[in-house]
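Enquirer: Generate a structure from the sequence data that follows.
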Amino acid sequence: MMQRTIKLTPGEVQNFVNVTSKCDFDIDIFYNRYVVDAKSFLGVYGLDFSKPLTVSYHGYNEELEGFLQKKRIAS
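Expert: Numbering: from 1, shown residues only. All right, here's what the predicted structure looks like:
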C-alpha cells in the first residue's frame with residue numbers, strides 16, 4: 001500500500017478527481033477519521049482543505065504519481 005500526504009485547494013478537486021478516475025485501482029483520501037473515495041467529486045470536495053490529506057492506494061499510475069508529487073507535503 002502506498003500513502004502520500006498532500007495539500008489540496010477547493011479549485012484543485014476537479015483535476016484530482018479526473019486523475020484518480022483514470023486509475024483501475026481503489027484510491028482513498030482521508031484525514032482524522034474521515035475516509036472517502038478519491039474518485040468521488042462530492043466526497044473529496046467535502047473534506048477540510050485546511051488540513052493535510054492522506055492518499056492511500058494499491059497500484060501505480062504515472063499521471064497520479066506526478067500529481068501527488070506536485071501536491072505533496074513533508075509528513
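
Enquirer: use CA for all of it now, contacts and neighbours both
Expert: Noted.

Enquirer: Look at Val35 and give its secondary structure.
Expert: strand (DSSP: H, G, I helix; E, B strand; the rest coil).

Enquirer: Per-residue pLDDT of it, please?
Expert: The model reports Val35 with a pLDDT of 95.

Enquirer: tell me what the helix or strand that contains Thr20 is packed against?
Expert: Per DSSP states H and E: Thr20 is located in helix 13-21. Applying 3 or more Cα pairs under 8 Å, 6 or more residues apart in numbering; DSSP states H and E, we find helix 13-21 packed against helix 41-45, helix 62-71.

Enquirer: which parts of the longest one are buried?
Expert: Residues 64, 68 are the ones in helix 62-71 that count as buried (16 or more other Cα atoms under 10 Å).

Enquirer: who touches that helix?
Expert: Identification of contacts with helix 62-71 by Cα atoms under 8 Å, 6 or more residues apart in numbering yields 4, 6-8, 16, 19-20, 23.

Enquirer: Which members of these are the farthest-apart pair?
Expert: The span of the contacts of helix 62-71, defined through Cα to Cα, is set by Lys7 and Cys23 at 20.1 Å.

Enquirer: quick one: contacts of stretch 34-42?
Expert: If you take Cα under 8 Å, 6+ apart as the criterion, stretch 34-42 is touched by 13-14, 17-18, 20-21, 26-30, 43-44, 55.

Enquirer: PyMOL command to pick out the buried ones of those residues?
Expert: Per 16+ other Cα under 10 Å, the buried members of the contacts of stretch 34-42 correspond to this PyMOL selection:
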select buried, resi 13+14+17+20+21+27+28+29+30+44+55
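
Enquirer: will you turn the contacts of stretch 34-42 into TSV that also has pLDDT?
Expert: Shown next, in TSV, are the contacts of stretch 34-42 (pLDDT from 0 to 100):
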residue	pLDDT
Val13	97
Gln14	97
Val17	98
Asn18	98
Thr20	98
Ser21	98
Asp26	97
Ile27	98
Asp28	98
Ile29	97
Phe30	94
Gly43	96
Val44	97
Val55	98
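
Enquirer: Can I get the contacts of stretch 34-42 in TSV including distance to Glu63?
Expert: Below are the contacts of stretch 34-42 laid out as TSV (distance: Cα to Cα, whole Å):
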residue	distance to Glu63
Val13	15
Gln14	15
Val17	12
Asn18	10
Thr20	9
Ser21	11
Asp26	15
Ile27	14
Asp28	16
Ile29	17
Phe30	20
Gly43	21
Val44	18
Val55	14
